[in-house]
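Colleague: Need a 3D model of the following:
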Amino acid sequence: MDKIIKKSVLALVFCFATVSSFAQCEILNRVSPDGSMQFYIEPVNFYWTKTKSLKGGIVTDKENYFLQLYPIPFPEKPEGNKLKKELTLKLSDEKIYVLKHFDSRYVDNDTVFEMLYLIGKEDMEAMLNFEVIEAKIDMMGDEGVRNYGFKLHKAALKEQLNCFLKEDEAEKDDKKK
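Modeller: Residues are numbered from 1 along each chain as shown. Okay, here's the model as predicted:
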């Protein structure tokens, strides 16, 4: 009887792990404000408390890869449009990586504030292999630098990047056939 229970529990854990990994790899698309096509995976929560939260994910236009972040609380217009500082990430290799600011904008009638950071080619290898431990966003003004210690989904960004790269490889293989 104990063996049956152990096998059942093991099967449930395997099924849960399989389902959660597929959910993380569902690539969606939308047209960005400039008219270009963006491909993305649903944002995940990285940090959450009663006073602040951070969620985000990887976005690509098939040429470049971006880290898209949604900090809460976010500044009111037009202060948020002034946020153009670089993002500092600390990965599990204990090194600091700096991503260049690409865009900040209000979406959904100002109920969401989105920040995009370009993942440089020199940082791709690290982002593919290491979890994110911490992100630092300069919110300017009285608040200054906001630190987000990733408590949730530390591996989400590397998993999402791997999903995009696997799909890109599959598309290239299909074109060769």
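
Colleague: can you give me the helices for the chain?
Modeller: Along the chain, the segments classed as helices by DSSP state H run 2-23, 121-129, 156-176.

Colleague: Show me what the second one is packed up against.
Modeller: Read that as helix 121-129. Contacts defined by 3 or more CB pairs under 8 Å, 6 or more residues apart in numbering; DSSP states H and E place helix 121-129 against strand 96-107, helix 156-176. From N, CA and C alone the C-beta is placed, and that goes for glycine too.

Colleague: lowest-confidence stretch among these?
Modeller: If the helices and strands packed on helix 121-129 are sorted by mean pLDDT, helix 156-176 sits at the bottom with a mean of 88.

Colleague: list the helices and strands it packs on?
Modeller: Helices and strands touching helix 156-176, by 3+ CB pairs under 8 Å, 6+ apart, are strand 27-31, strand 37-41, strand 53-60, strand 65-72, helix 121-129.

Colleague: Flag every buried residue along stretch 163-171.
Modeller: Within stretch 163-171, the residues that qualify as buried by neighbour count (16 or more other CB atoms under 10 Å) are 163-164.
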